[in-house]
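In: quick one, structure for this:
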Amino acid sequence: MKIKSVLILYKKSAYSIYFQHPRSSFNSRGMVGLSELKRFRAMHETHFACLAYVESVLKDAGVEFKRKCRGSAFDPKQFNLVITVGGDGTFLEAARMLTGQFILGVNSDPSWSVGRFCSATSLTFKKVLQRLLEEKQPILEFPRLELNVMGKKINFLNDVLFCHRNPAAMSRYSLVIGKVQEEQKSSGVWVSTAAGSSGAIRSAGGRKLIPTKEILQYKPRELYLKKTKPYILKGGILPFEKKLEVISMMREGRVFVDGSHLSFPFDFGVVATITRSLYPLRVVSKK
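Out: Numbering: from 1, shown residues only. Here you go, the predicted structure:
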């Protein structure tokens with residue numbers, strides 16, 4: 001691929017959030033032991049050392065770039081490559097903004113971050129970049145799903161969770177797949193892409209799938225064991241062509257997209273639809 005314009009999106013470290021911020025409740029209060037404080041500081045230094053290294057490699061290669069912290073707004077149309085420095089959360093946040101641009105995830109601290117979607121570390125980034133510049137690094141396309149709720153359309157790579165705002169409360173909703181509609185009571189319902197199948201939905205009892213497959217998976221969490229007829233829609237795998245709808249029957253429901261950072265109200269009567277996204281994610285591969 002031709003690298004024309006690059007954005008580096010990086011995360012803040014836990015140390016900078018909890019211990020360096022002047023308004024942090026942990027700041028100078030002795031609430032964390034010295035050994036734990038040193039561990040957070042070490043992870044902080046490892047993360048920002050990786051960020052500095054990524055920047056230096058780009059400068060040495062003559063690649064111009066801009067840098068933004070996770071949570072900052074950016075126009076993806078200004079860039080054809082986004083490099084994330086952090087873990088999967090940073091990668092997924094950037095990915096939601098993209099509609100055709102390339103993305104490369106750099107796991108800044110493999111000893112701490114899982115980084116399933118990250119294709120490089122500080123040890124491999126220089127080699128990966130060089131192969132990108134030489135147009136030799138392979139690119140994978142990951143199918144995505146589109147969530148449409150209350151006029152908002154979001155292309156997601158991982159998963160969404162429909163549930164009550166309070167995790168201890170019962171989630172009530174109606175699940176619609178094809179011609180089948182079923183009212184359910186549970187702890188919520190997961191819907192994931194194949195790429196997101198190794199995360200929360202798998203922990204809830206779902207299956208791990210080949211990430212590049214054009215299929216989706218749904219799985220209700222902890223279905224309430226009613227005394228009447230058994231549930232039909234207890235989880236399964238569907239082709240991308242199949243539309244899935246969730247209708248809220250909760251006064252205070254929420255939809256969580258790719259984790260906990262992005263969520264929307266999902267109150268009584270709101271209908272959420274999940275369909276095939278028109279924009280697969282173009283990811284710089286590890287191989």
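In: who's V191 bridged to?
Out: For V191, the beta-bridge partners under DSSP bridges are V160, Y218.
In: T99 contacts N155, correct?
Out: Yes - using CB atoms under 8 Å, T99 is in contact with N155, at 7.3 Å. Where you see a C-beta, it was placed from the backbone N, CA and C, and this is true even at glycine.
In: count of residues packed around M43?
Out: When neighbours are counted by other CB atoms under 10 Å, M43 registers 18.
In: spit out the contact partners of it.
Out: Contact partners of M43, counting by CB atoms under 8 Å, 6 or more residues apart in numbering, are 13-15, 109, 112.
In: buried ones among those residues?
Out: Those of these that meet the buried threshold are 13, 15, 109, 112, by 16 or more other CB atoms under 10 Å.
In: name the SS class of the residue nearest to the third one when sequence neighbours are not counted, please.
Out: The one in question is D109. Among residues not flanking D109 along the chain, T46 sits closest, at 4.8 Å (CB to CB, 6 or more residues apart in numbering). Secondary structure state of T46, per DSSP: H, G, I helix; E, B strand; the rest coil, is helix.
In: now tell me which helix or strand of the protein has the poorest mean pLDDT.
Out: Ranked by mean pLDDT, DSSP states H and E, the weakest helix or strand in the chain is helix 14-15, scoring a mean of 74.
In: for the stretch 151-287 of the chain, what spans make up the strands?
Out: 152-156, 159-164, 171-177, 180-186, 189-193, 215-220, 236-239, 244-248, 253-257, 262-265, 271-276, 281-284 (DSSP state E, counting those that start in this stretch).
In: buried ones in the fourth one?
Out: This means strand 180-186. Buried-residue list, strand 180-186, by 16+ other CB under 10 Å: 184-186.
In: quick check, pLDDT for H47.
Out: We have a pLDDT of 95 for H47.
In: contacts only, for the residue nearest to it when sequence neighbours are not counted.
Out: Nearest residue to H47 in three dimensions, chain neighbours excluded: S108, at 4.4 Å (CB to CB, 6+ apart). S108 makes contacts with 10-11, 46-47, 50-51, 85-87, 121-122, as judged by CB under 8 Å, 6+ apart.
In: and of these, the nearest to I177?
Out: Set against I177, the nearest of the contacts of S108 by CB to CB is G87 (32.7 Å).
In: so how far is L147 from L278?
Out: 13 Å (CB to CB, to the nearest Å).
In: settle it for me: which of these two has more neighbours?
Out: L147 (24 against 10).
In: follow-up on the earlier one: closest to S192 out of the buried ones among the contacts of M43?
Out: Lowest distance from S192 to those (CB to CB) belongs to W112, with 23.8 Å.
In: V57: what secondary structure?
Out: Applying three-state DSSP to V57 yields a three-state assignment of helix.
In: residues contacting it?
Out: 125-126, 129.
In: ok, I177 touching L244?
Out: Yes - between I177 and L244 there is a contact at 5.5 Å, judged by CB under 8 Å.
In: anything in contact with each of those two?
Out: 218, 238.
In: what about the residue lying closest to K213 once chain neighbours are set aside, how many neighbours?
Out: Excluding its sequence neighbours, the residue lying closest to K213 (CB to CB, 6+ apart) is A194, at 4.2 Å. Counted with other CB under 10 Å, residues neighbouring A194 total 22.
In: quick check: A194 vs W112, distance?
Out: A194 is 26 Å from W112, by CB to CB.
In: was I right to think the residue nearest to K213 contacts R207?
Out: No - contact criterion CB under 8 Å: A194 and R207 do not qualify, at 9.7 Å.
In: so can I have TSV of the strands of the stretch 151-287 of the chain showing mean pLDDT and distance to M1?
Out: Formatted as TSV, those follow (pLDDT from 0 to 100; distance: least, CB to CB, whole Å):
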stretch	mean pLDDT	distance to M1
strand 152-156	95	20
strand 159-164	98	28
strand 171-177	98	38
strand 180-186	96	43
strand 189-193	98	23
strand 215-220	98	27
strand 236-239	96	30
strand 244-248	98	33
strand 253-257	98	28
strand 262-265	95	28
strand 271-276	97	25
strand 281-284	96	8
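In: dump those strands into CSV; add distance to K66 as well.
Out: Listed next are these as CSV, based on distance: least, CB to CB, whole Å:
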stretch, distance to K66
strand 152-156, 22
strand 159-164, 30
strand 171-177, 41
strand 180-186, 44
strand 189-193, 29
strand 215-220, 34
strand 236-239, 39
strand 244-248, 37
strand 253-257, 25
strand 262-265, 22
strand 271-276, 32
strand 281-284, 18
